[in-house]
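# Could you work out the structure for the sequence below:
(one chain, ligands or ions: 1)
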Amino acid sequence: MSIRVLMVCLGNICRSPMADGLLRQKVANLQLNVAVDSAGTANYHVGAAPDKRMIKTGSQNGTPIDFLRARQFTRQDFHDFDYILVMDHSNYRNVFALAPDENAKSKVQLLLNYLPEENIEEVPDPYYGTAADFQYVYDLLDRATAAFISQLQKQTN
Ligand code: 4NP
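Purely as a prediction, here's the structure:
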C-alpha cells in the first residue's frame, strides 16, 4: 500500500506540522509506506518554520518538527493526497469549498473523527495559548495519529 496523507490547519505552523511530525515518526517506526505532508488554508506563514513553542513541545516529547516549512493548501492537493485531515470545522469549510468534485470532497475529514470516544471534534488552536495548551495539542495529536494508523492497518490487513 502507498498512501498519501495531508494534515491541514490555518497557519501550518502549530497544529498541522505537529500532526505531520507525529504521523511521519509513527509510520517510519512501523515501516509503513505512507507519505505525510501538511499545509495551511491561509498564506500568512508560507516558507516559515513551525512556531518556536510547537517546535519546543515536539522536541521535549521526542518528535522533531524544526525541518518543516509552511505552505498553503492548493487544489492540486486533492490530486496529490488520499486523505486530507483537517484540525477544525473552519479548516473543513475552507478546504471543502475548493474541492473540484465528489471524490475530492470524500477525502476531507476532521482528524479527531479518529478519536470518536473522546468528546472533542476540533484540535484547539494553541497560537494564543500557554505552554500547557501546546502540550495538550501534542497529546491529542499523538492519540489521533495513533488511532489513524490503527484504522489504516485494519483496512489494509
Ligand atoms: P495553526 O495556528 O493553524 O495551528 O498553525 C495558527 C498559527 C498562526 C495564526 C493562526 C493560527 N495566525 O493567525 O497567524
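# By neighbour count, which bits of the lengthiest helix in the chain are buried? Give me those.
Longest helix in the chain by number of residues (criterion: DSSP state H): helix 131-156. Neighbour-count burial for helix 131-156, counted by 16 or more other CB atoms under 10 Å, picks out 133-134, 136-138, 140-145, 147-149, 152. Any C-beta I mention is one placed from the backbone N, CA and C, and that applies to glycine too.
# Keep those residues, but drop any that are not near the ligand.
Counting by CB under 6 Å from any ligand atom, nothing from the buried residues of helix 131-156 sits close to the ligand.
# Can you name every helix or strand that the longest helix of the chain contacts?
helix 15-30, helix 52-60 (3 or more CB pairs under 8 Å, 6 or more residues apart in numbering; DSSP states H and E).
# Point out the most buried one among those helices.
Of the helices and strands packed on helix 131-156, the one with the most neighbours on average (mean count of other CB atoms under 10 Å) is helix 15-30, at a mean of 23.
# Give me the contact list for that one.
5, 7-9, 34, 36-40, 50, 54, 57-58, 63-65, 68, 70, 85, 87, 111, 123, 125-126, 137-138, 141-142, 144-146, 148-149 (CB atoms under 8 Å, 6 or more residues apart in numbering).
# How far away from the center of its chain is it?
For helix 15-30, the separation from the chain centroid amounts to 8 Å (computed by CA atoms, centre = their mean, to the nearest Å).
# Now the following helix or strand past it: buried residues?
Elements were assigned by DSSP states H and E; along the chain past helix 15-30, the next helix or strand is strand 34-40. The neighbour-count check on strand 34-40 (16+ other CB under 10 Å) flags 34, 36-40 as buried.
# same thing with stretch 56-73?
57-58, 63, 65, 68, 70-71, 73.
# same check, this time on stretch 114-134
For stretch 114-134, by 16+ other CB under 10 Å, it's 114-115, 122-123, 125-127, 133-134.
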